[in-house]
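[1] pasting the structure only:
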Ligand code: DC
(Lines give C-alpha, C1' and ligand atoms only; values in the text may rest on other atoms or scores of the structure.)
Protein backbone atom coordinates (compact mmCIF):
# COMPACT_ATOMS: atom_id res chain seq x y z
CA UNK A 1 0.00 0.00 0.00
CA UNK A 2 1.20 3.51 -0.73
CA UNK A 3 2.77 5.05 2.41
CA UNK A 4 0.60 7.89 3.62
CA UNK A 5 1.80 11.11 5.06
CA UNK A 6 1.28 13.28 8.14
CA UNK A 7 1.56 17.04 7.62
CA UNK A 8 1.59 19.30 10.71
CA UNK A 9 0.73 22.99 10.93
CA UNK A 10 1.49 24.74 14.21
CA UNK A 11 1.39 28.36 15.32
CA UNK A 12 -0.47 30.90 17.44
CA UNK A 13 -4.14 31.93 17.20
CA UNK A 14 -5.02 33.88 14.06
CA UNK A 15 -1.89 32.87 12.12
CA UNK A 16 -4.12 31.26 9.49
CA UNK A 17 -3.63 27.60 10.46
CA UNK A 18 -7.25 26.47 10.07
CA UNK A 19 -7.85 28.07 6.69
CA UNK A 20 -4.58 26.76 5.33
CA UNK A 21 -4.93 23.29 6.88
CA UNK A 22 -8.45 22.87 5.46
CA UNK A 23 -7.37 24.02 2.00
CA UNK A 24 -4.32 21.78 2.03
CA UNK A 25 -6.33 18.78 3.21
CA UNK A 26 -8.92 19.36 0.47
CA UNK A 27 -6.21 19.80 -2.17
CA UNK A 28 -4.40 16.61 -1.18
CA UNK A 29 -7.52 14.58 -0.39
CA UNK A 30 -6.29 14.20 3.21
CA UNK A 31 -8.14 14.14 6.54
CA UNK A 32 -8.12 17.45 8.44
CA UNK A 33 -7.53 17.21 12.21
CA UNK A 34 -7.97 20.26 14.47
CA UNK A 35 -6.28 19.62 17.83
CA UNK A 36 -7.45 22.98 19.23
CA UNK A 37 -11.04 21.78 18.90
CA UNK A 38 -10.23 18.89 21.23
CA UNK A 39 -8.81 21.24 23.89
CA UNK A 40 -11.89 23.39 23.42
CA UNK A 41 -14.10 20.32 23.80
CA UNK A 42 -12.44 19.45 27.12
CA UNK A 43 -12.87 23.08 28.28
CA UNK A 44 -16.53 23.24 27.22
CA UNK A 45 -17.64 19.88 28.56
CA UNK A 46 -15.72 20.16 31.86
CA UNK A 47 -17.23 23.62 32.50
CA UNK A 48 -20.74 22.36 31.71
CA UNK A 49 -20.28 19.55 34.22
CA UNK A 50 -18.76 21.90 36.82
CA UNK A 51 -15.64 19.71 37.02
CA UNK A 52 -12.97 20.79 39.50
CA UNK A 53 -9.84 20.60 37.33
CA UNK A 54 -7.63 20.41 40.41
CA UNK A 55 -9.31 17.13 41.45
CA UNK A 56 -7.01 14.65 39.66
CA UNK A 57 -9.10 11.49 40.09
CA UNK A 58 -12.21 13.35 38.89
CA UNK A 59 -10.30 14.72 35.89
CA UNK A 60 -8.99 11.26 35.00
CA UNK A 61 -12.49 9.77 35.25
CA UNK A 62 -13.92 12.60 33.14
CA UNK A 63 -11.30 12.10 30.41
CA UNK A 64 -11.73 8.32 30.43
CA UNK A 65 -15.43 8.83 29.78
CA UNK A 66 -15.03 11.51 27.13
CA UNK A 67 -15.27 9.66 23.82
CA UNK A 68 -16.19 12.16 21.12
CA UNK A 69 -17.19 11.23 17.62
CA UNK A 70 -15.38 13.11 14.89
CA UNK A 71 -16.07 14.02 11.26
CA UNK A 72 -14.03 16.24 9.00
CA UNK A 73 -15.11 17.71 5.68
CA UNK A 74 -14.44 20.77 3.53
CA UNK A 75 -16.33 22.94 6.05
CA UNK A 76 -14.14 21.88 8.94
CA UNK A 77 -13.75 19.57 11.86
CA UNK A 78 -16.83 18.47 13.82
CA UNK A 79 -17.12 16.84 17.23
CA UNK A 80 -20.09 15.20 18.94
CA UNK A 81 -20.40 14.23 22.60
CA UNK A 82 -23.18 11.88 23.68
CA UNK A 83 -24.98 12.49 20.38
CA UNK A 84 -24.86 16.31 20.67
CA UNK A 85 -22.79 18.31 18.23
CA UNK A 86 -20.38 20.43 20.28
CA UNK A 87 -18.77 22.32 17.37
CA UNK A 88 -21.03 25.45 17.43
CA UNK A 89 -20.15 26.13 21.08
CA UNK A 90 -16.41 25.65 20.88
CA UNK A 91 -15.43 29.08 19.51
CA UNK A 92 -17.13 31.10 22.24
CA UNK A 93 -14.66 33.55 23.86
CA UNK A 94 -14.91 31.98 27.33
CA UNK A 95 -14.26 28.53 25.84
CA UNK A 96 -11.19 29.97 24.03
CA UNK A 97 -9.74 31.34 27.25
CA UNK A 98 -10.57 28.20 29.22
CA UNK A 99 -9.05 25.98 26.50
CA UNK A 100 -5.56 27.36 27.06
CA UNK A 101 -6.01 26.74 30.81
CA UNK A 102 -6.99 23.09 30.42
CA UNK A 103 -4.16 22.74 27.87
CA UNK A 104 -1.53 23.09 30.62
CA UNK A 105 -2.76 19.91 32.33
CA UNK A 106 -0.68 16.81 31.43
CA UNK A 107 -3.64 14.36 31.55
CA UNK A 108 -5.56 16.58 29.11
CA UNK A 109 -2.57 16.78 26.76
CA UNK A 110 -2.15 12.99 26.92
CA UNK A 111 -5.87 12.51 26.12
CA UNK A 112 -5.72 14.84 23.09
CA UNK A 113 -2.47 13.30 21.85
CA UNK A 114 -3.92 9.79 22.09
CA UNK A 115 -7.04 10.81 20.12
CA UNK A 116 -5.00 12.51 17.38
CA UNK A 117 -2.60 9.59 16.97
CA UNK A 118 -5.51 7.17 16.81
CA UNK A 119 -7.28 9.17 14.08
CA UNK A 120 -4.01 9.63 12.18
CA UNK A 121 -2.94 5.99 12.33
CA UNK A 122 -3.41 5.44 8.59
CA UNK A 123 -1.72 8.72 7.65
CA UNK A 124 -3.11 10.95 4.95
CA UNK A 125 -3.61 13.68 7.52
CA UNK A 126 -3.16 17.45 7.83
CA UNK A 127 -3.17 18.23 11.56
CA UNK A 128 -3.06 21.69 13.12
CA UNK A 129 -2.25 22.94 16.61
CA UNK A 130 0.59 24.14 18.82
CA UNK A 131 2.76 21.06 19.43
CA UNK A 132 1.93 18.74 16.55
CA UNK A 133 5.34 18.89 14.89
CA UNK A 134 7.21 18.80 18.20
CA UNK A 135 5.31 16.36 20.43
CA UNK A 136 2.30 14.67 18.83
CA UNK A 137 3.83 13.77 15.45
CA UNK A 138 7.59 14.39 15.82
CA UNK A 139 8.25 12.11 12.82
CA UNK A 140 5.74 13.85 10.54
CA UNK A 141 7.12 14.02 7.01
CA UNK A 142 6.27 17.66 6.50
CA UNK A 143 5.96 20.42 9.13
CA UNK A 144 4.90 24.05 8.95
CA UNK A 145 4.80 26.80 11.55
CA UNK A 146 2.65 29.84 10.70
CA UNK A 147 2.97 33.16 12.47
CA UNK A 148 1.82 36.76 11.89
CA UNK A 149 1.89 40.16 13.58
CA UNK A 150 -0.39 40.36 16.64
CA UNK A 151 -2.54 43.16 15.14
CA UNK A 152 -3.09 41.12 11.98
CA UNK A 153 -4.06 38.05 13.97
CA UNK A 154 -6.48 40.04 16.13
CA UNK A 155 -8.07 41.60 13.03
CA UNK A 156 -8.57 38.14 11.50
CA UNK A 157 -10.25 36.87 14.68
CA UNK A 158 -12.59 39.89 14.75
CA UNK A 159 -13.57 39.26 11.11
CA UNK A 160 -14.30 35.61 11.94
CA UNK A 161 -16.52 36.55 14.84
CA UNK A 162 -18.52 38.96 12.66
CA UNK A 163 -21.45 40.35 14.68
CA UNK A 164 -19.88 39.43 18.04
CA UNK A 165 -16.81 41.44 17.09
CA UNK A 166 -18.82 44.66 17.14
CA UNK A 167 -18.90 44.41 20.94
CA UNK A 168 -15.16 43.75 21.25
CA UNK A 169 -12.58 46.46 20.65
CA UNK A 170 -9.52 45.58 18.53
CA UNK A 171 -7.38 46.22 21.63
CA UNK A 172 -9.41 43.77 23.73
CA UNK A 173 -9.18 41.02 21.10
CA UNK A 174 -5.42 41.62 20.73
CA UNK A 175 -5.03 41.47 24.51
CA UNK A 176 -6.94 38.19 24.76
CA UNK A 177 -4.86 36.63 22.00
CA UNK A 178 -1.63 37.87 23.59
CA UNK A 179 -2.67 36.40 26.97
CA UNK A 180 -3.45 33.07 25.35
CA UNK A 181 -0.16 33.08 23.36
CA UNK A 182 1.75 33.72 26.58
CA UNK A 183 0.11 30.78 28.34
CA UNK A 184 0.57 28.51 25.30
CA UNK A 185 4.24 29.43 24.75
CA UNK A 186 5.37 29.45 28.39
CA UNK A 187 3.76 26.33 29.83
CA UNK A 188 6.05 23.54 31.01
CA UNK A 189 4.25 20.83 29.07
CA UNK A 190 4.54 20.89 25.24
CA UNK A 191 4.92 24.66 24.85
CA UNK A 192 3.97 26.21 21.52
CA UNK A 193 7.09 26.45 19.35
CA UNK A 194 8.28 25.67 15.86
CA UNK A 195 9.85 22.24 15.35
CA UNK A 196 13.50 22.45 14.28
CA UNK A 197 12.56 20.91 10.93
CA UNK A 198 9.44 23.06 10.32
CA UNK A 199 9.17 25.61 7.53
CA UNK A 200 8.26 28.88 9.26
CA UNK A 201 5.94 31.13 7.23
CA UNK A 202 5.06 34.70 8.24
CA UNK A 203 1.50 35.10 6.93
CA UNK A 204 1.10 38.80 7.85
CA UNK A 205 1.08 39.98 4.24
CA UNK A 206 -0.06 36.78 2.53
CA UNK A 207 -3.52 35.59 1.58
CA UNK A 208 -4.47 31.97 2.39
CA UNK A 209 -3.87 30.71 -1.13
CA UNK A 210 -0.39 32.22 -1.19
CA UNK A 211 0.40 30.38 2.05
CA UNK A 212 -1.06 27.14 0.69
CA UNK A 213 1.05 27.47 -2.44
CA UNK A 214 4.21 27.91 -0.34
CA UNK A 215 3.23 24.78 1.59
CA UNK A 216 2.56 22.84 -1.62
CA UNK A 217 5.97 23.83 -3.00
CA UNK A 218 7.59 22.46 0.16
CA UNK A 219 5.48 19.27 0.07
CA UNK A 220 6.53 18.69 -3.54
CA UNK A 221 10.16 19.14 -2.57
CA UNK A 222 9.99 16.79 0.43
CA UNK A 223 7.49 14.27 -0.93
CA UNK A 224 7.65 14.36 -4.71
CA UNK A 225 5.62 11.17 -5.16
CA UNK A 226 2.79 12.02 -2.78
CA UNK A 227 2.47 15.58 -3.99
CA UNK A 228 2.76 14.63 -7.65
CA UNK A 229 -0.01 12.09 -7.28
CA UNK A 230 -2.45 13.95 -5.12
CA UNK A 231 -2.26 17.65 -5.87
CA UNK A 232 -5.16 18.08 -8.21
CA UNK A 233 -6.36 21.62 -7.80
CA UNK A 234 -3.71 24.12 -6.92
CA UNK A 235 -5.29 27.52 -7.39
CA UNK A 236 -3.77 30.67 -8.74
CA UNK A 237 -3.02 33.55 -6.41
CA UNK A 238 -3.87 37.19 -6.96
O1 LIG B 1 -6.09 26.54 17.88
P2 LIG B 1 -7.16 26.91 18.89
O3 LIG B 1 -7.28 28.39 19.11
O4 LIG B 1 -8.48 26.29 18.58
O5 LIG B 1 -6.63 26.28 20.28
C6 LIG B 1 -7.33 26.44 21.47
C7 LIG B 1 -6.38 26.32 22.64
O8 LIG B 1 -5.93 24.96 22.76
C9 LIG B 1 -5.10 27.14 22.56
O10 LIG B 1 -5.14 28.31 23.34
C11 LIG B 1 -4.03 26.27 23.13
C12 LIG B 1 -4.58 24.90 23.08
N13 LIG B 1 -3.87 24.05 22.16
C14 LIG B 1 -2.73 23.43 22.62
O15 LIG B 1 -2.29 23.69 23.73
N16 LIG B 1 -2.09 22.53 21.82
C17 LIG B 1 -2.53 22.26 20.61
N18 LIG B 1 -1.90 21.36 19.85
C19 LIG B 1 -3.69 22.91 20.10
C20 LIG B 1 -4.33 23.82 20.91
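    Here it is on my side, so go on. Model, not experiment: these values are computed from the prediction.
[2] give me the phi and psi for the residue lying closest to residue 202 once chain neighbours are set aside.
    Computed as CB to CB, 6 or more residues apart in numbering, the closest residue to residue 202 that is not its neighbour in sequence is residue 147, at 5.7 Å. Glycine gets a C-beta too; all of them are placed from N, C-alpha and C. Backbone torsions for residue 147, taken as degrees, to the nearest 10, come to phi -140, psi 160.
[3] now do residue 147, the pLDDT please.
    In this model, residue 147 is scored at 96, pLDDT.
[4] and if you look at residue 1?
    Confidence score, pLDDT, at residue 1: 44.
[5] can you check residue 167 too?
    With respect to pLDDT, residue 167 has a value of 67.
[6] ok, now residue 172?
    On the pLDDT scale, residue 172 gets 87.
[7] for the longest helix along the chain, packing partners?
    In the chain, with assignment by DSSP state H, the single longest helix is helix 170-186. Judged by 3 or more CB pairs under 8 Å, 6 or more residues apart in numbering; DSSP states H and E, helix 170-186 is in contact with helix 93-102, helix 150-161.
[8] quick one: name the residues of the chain near the ligand.
    Contacts of the chain with the ligand, taken as CB under 6 Å from any ligand atom, map to 13, 35-36, 39-40, 99-100, 103, 129-132, 180, 184.
[9] tell me where the chain has helices.
    17-28, 35-48, 56-65, 93-102, 106-119, 150-161, 170-186, 208-222, 224-230.
[10] want to try TSV for those, with mean neighbour count and distance to residue 5 as columns?
    Shown next, in TSV, are these (neighbours: other CB atoms under 10 Å; distance: least, CB to CB, whole Å):
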stretch	mean neighbour count	distance to residue 5
helix 17-28	23	8
helix 35-48	22	17
helix 56-65	13	29
helix 93-102	18	28
helix 106-119	17	15
helix 150-161	18	28
helix 170-186	16	26
helix 208-222	18	8
helix 224-230	15	5
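[11] ranking these by mean pLDDT, which is last?
    Among the helices of the chain, helix 224-230 scores lowest, with a mean of 58.
[12] any chance of CSV for the helices of the chain, columns distance to residue 136?
    Formatted as CSV, the helices of the chain follow (distance: least, CB to CB, whole Å):
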stretch, distance to residue 136
helix 17-28, 14
helix 35-48, 7
helix 56-65, 16
helix 93-102, 16
helix 106-119, 5
helix 150-161, 23
helix 170-186, 14
helix 208-222, 18
helix 224-230, 20
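[13] chain center to stretch 140-149: distance?
    11 Å (CA atoms, centre = their mean, to the nearest Å).
[14] equivalent analysis for stretch 4-18, please.
    Taking mean C-alpha positions (CA atoms, centre = their mean), stretch 4-18 and its chain are 6 Å apart.
[15] and that stretch, which residues are buried?
    4-18 (16 or more other CB atoms under 10 Å).
[16] straight-line length of that stretch, end to end?
    21 Å (CA to CA, to the nearest Å).
[17] repeat that for stretch 84-104.
    End-to-end for stretch 84-104, by CA to CA: 26 Å.
[18] try stretch 57-76
    End to end - CA to CA - stretch 57-76 spans 33 Å.
[19] just the residues contacting that stretch, thanks.
    Around stretch 57-76, the neighbours that count as contacts under CB atoms under 8 Å, 6 or more residues apart in numbering are 18, 22, 25-26, 31-34, 38, 41-42, 45-46, 49, 51-53, 77-81, 86-87, 105, 107-108, 111, 115, 119.
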